[in-house]
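1. I would like to see how this sequence folds:
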Amino acid sequence: MDPILIYFSLFFIILWIILLAKEKKQGEIHLTFSILIACRNEQDNLPDLFHSLNRIDYPSDKYEIILVNDASSDDTQRLLENYCTHKNNCTCYHLMRKSREYLGKKAALKLAADHAQMEILLFTDGDCIVPINWLSDYNNFFTPETGLCAGYHLEKGNNSLGRFASILNAAIAFITAKSTFPFTASGGNMAVRKTAFDQVNGYEKIKNTLAGDDKLLLNLIRKAGWKISFNHLSPVLTKPLSGREIRSSQLRRRYGKFRSSPVYIKIVSLIIFLFYLYLPFALIFGKGLISLLIFYPACLIFWLLVLKKFKKKFIVTDLIYLIFYPYLMIYYSLTGMFLKWQWQDQNSI
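-> All right, here's what the predicted structure looks like:
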């Protein structure tokens with residue numbers, strides 16, 4: 001039997017235990033939320049966003065909505081203003097031009113955070129659709145020690161590969177957060193305690209990085225001594241990206257943030273990378289075939305536990321992606337570190 005395959009089978013068994021462990025939840029307390037949304041050229045997406053915001057099931061006096069027009073060139077500003085006039089707990093602000101100091105959407109989010117009055121800053125994007133129980137679930141995942149609670153997203157009507165990738169990425173974030181080794185978050189679905197945000201001076205230390213309003217902020221809050229948790233029950237829906245190059249650029253941006261990861265994540269990632277390079281040779285040269293019969297069922301059980309935890313259904317194509325998707329992650333991690341990537345809206349840089 002191949003000892004390397006056996007060790008990694010045991011690794012997946014450890015992941016089973018983490019997935020099965022119960023989370024500590026807040027209880028009946030109703031935290032207050034400031035929903036912060038930076039919108040740039042989102043006129044086509046705003047009606048769906050507004051509809052989902054209107055359906056939020058949470059006491060209306062316990063949350064506010066702050067919308068920022070991030071130097072849009074379309075009808076975004078008018079739509080934001082019109083929405084806020086019909087909603088008592090909603091305000092909007094406007095940036096006339098992109099900031100050269102706070103890159104990406106950080107200037108817009110900073111403006112929103114500066115005006116936030118509630119305990120928790122809850123971030124999403126203009127092209128997202130939020131679930132009805134969004135605030136209730138985040139309320140349950142915040143304990144007094146929690147500084148940041150990460151969430152995840154699913155693409156609206158996405159294909160089986162996109163679905164698999166989104167859930168797997170969320171599972172990795174969930175497991176690392178539960179293991180007290182958090183390393184990533186999604187800026188389109190993330191909640192931050194305002195006290196923790198102010199303690200690390202918001203985006204001040206990371207304002208010159210194009211990306212980083214999510215992962216780098218998480219690292220700052222973690223280093224400040226706050227607990228990081230993960231909300232696996234309330235994914236937001238996003239509009240699928242169009243164009244092969246734009247989607248590839250997004251994947252390079254997502255997986256190419258390896259350099260900004262903590263040292264322990266880099267070490268674990270390197271070990272997993274080397275293992276998956278070794279795995280085809282173990283299969284081709286007939287070494288450890290019996291061990292493979294242990295390893296792949298361990299992977300499959302891990303995936304089934306993930307689906308149960310995230311309340312998602314198993315589909316047959318998952319069997320194929322369990323084998324090949326790790327190599328796709330390796331490819332985009334390497335190309336993301338060494339090749340250039342761009343935002344969907346290049347003018348927002």
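
2. flag the shaky bits of the stretch 101-250 of the chain, pLDDT-wise.
-> Counting by pLDDT under 70, the stretch 101-250 of the chain contains low-confidence residues at 158, 211-212, 241-250.

3. which parts of it are helices?
-> 106-115, 134-141, 160-178, 194-199, 215-223, 244-255 (DSSP state H, counting those that start in this stretch).

4. reformat the ones you listed as TSV; add mean neighbour count and distance to residue 50.
-> C-beta here means a position set from N, CA and C on the backbone, and glycine is covered the same way. Putting the helices of the stretch 101-250 of the chain into TSV (neighbours: other C-beta atoms under 10 Å; distance: least, C-beta to C-beta, whole Å) gives the following:
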stretch	mean neighbour count	distance to residue 50
helix 106-115	21	17
helix 134-141	22	14
helix 160-178	20	24
helix 194-199	16	24
helix 215-223	21	26
helix 244-255	17	25
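
5. give me the contacts around the helix or strand hosting residue 34.
-> Assigned by DSSP states H and E, residue 34 belongs to strand 33-39. With contact meaning C-beta atoms under 8 Å, 6 or more residues apart in numbering, strand 33-39 is reached by 46, 49, 53, 58, 62-70, 72, 76, 80, 105, 108-109, 112-113, 116-126, 135, 138, 191, 194.

6. list buried residues within the residues you listed.
-> Neighbour counting with 16 or more other C-beta atoms under 10 Å marks 46, 49, 53, 58, 63-70, 72, 76, 80, 105, 108-109, 112-113, 116, 118, 120-126, 135, 138, 191, 194 as buried within these.

7. in strands, which of those residues appear?
-> Assigned to strands by DSSP state E, the following of the buried ones among the contacts of strand 33-39 qualify: 63-70, 120-125, 191.

8. looking at these, which is nearest residue 165?
-> Ranked by distance to residue 165 (C-beta to C-beta), those are led by residue 125 at 18.2 Å.

9. let me see the contact set for that closest one.
-> 37-39, 187-188, 238.

10. repeat for residue 103
-> Here residue 103 is in contact with 207-210, 349 (criterion: C-beta under 8 Å, 6+ apart).

11. now do residue 311
-> Residue 311 makes contacts with residue 233, as judged by C-beta under 8 Å, 6+ apart.

12. please report how far it lies from residue 154.
-> Using C-beta to C-beta, to the nearest Å, residue 311 is found at 12 Å from residue 154.

13. just want the angle from the strand holding residue 34 to helix 106-115.
-> 150 degrees (axes from the mean of the first three to the mean of the last three C-alpha atoms, to 10 degrees).

14. chain center to strand 33-39: distance?
-> Relative to its chain's centre, strand 33-39 lies at 16 Å (C-alpha atoms, centre = their mean, to the nearest Å).

15. hey, C-alpha coordinates of that strand in CSV?
-> Coordinates of each C-alpha in strand 33-39 appear next as CSV, following Å, rounded to 0.1, in the frame of the first residue of the first chain:
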residue,chain,number,x,y,z
PHE,A,33,-26.7,45.5,10.5
SER,A,34,-25.5,48.1,8.0
ILE,A,35,-25.8,46.6,4.5
LEU,A,36,-23.1,48.2,2.4
ILE,A,37,-23.2,48.0,-1.4
ALA,A,38,-20.9,49.6,-3.9
CYS,A,39,-22.5,49.9,-7.4
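
16. direction included, what does that strand pair against?
-> Each strand paired with strand 33-39, and its direction, by DSSP bridges: strand 63-70 (parallel), strand 120-125 (parallel).

17. let me know the closest of the contacts of residue 125 to residue 296.
-> In terms of C-beta to C-beta, no member of the contacts of residue 125 lies closer to residue 296 than residue 238, at 31.5 Å.

18. so how far is residue 157 from that closest one?
-> Using C-beta to C-beta, which is the criterion applied here, residue 238 is 11 Å from residue 157.

19. which of these two has more neighbours?
-> More crowded of residue 238 and residue 157, by other C-beta atoms under 10 Å: residue 238, with 21 against 10.

20. bridged to the residue lying closest to that one once chain neighbours are set aside, which residues?
-> In this structure, residue 238 finds its nearest non-sequential neighbour in residue 153, 5.0 Å apart by C-beta to C-beta, 6 or more residues apart in numbering. Counting by DSSP bridges, residue 153 is bridged to residue 236.

21. tell me who's in contact with residue 153.
-> Neighbours of residue 153 in contact, by C-beta under 8 Å, 6+ apart: 128, 166, 186, 188-189, 235-238.

22. how about those in TSV, adding distance to residue 144?
-> Output for the contacts of residue 153, formatted as TSV (distance: C-beta to C-beta, whole Å):
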residue	distance to residue 144
128	28
166	30
186	24
188	26
189	22
235	25
236	26
237	31
238	31
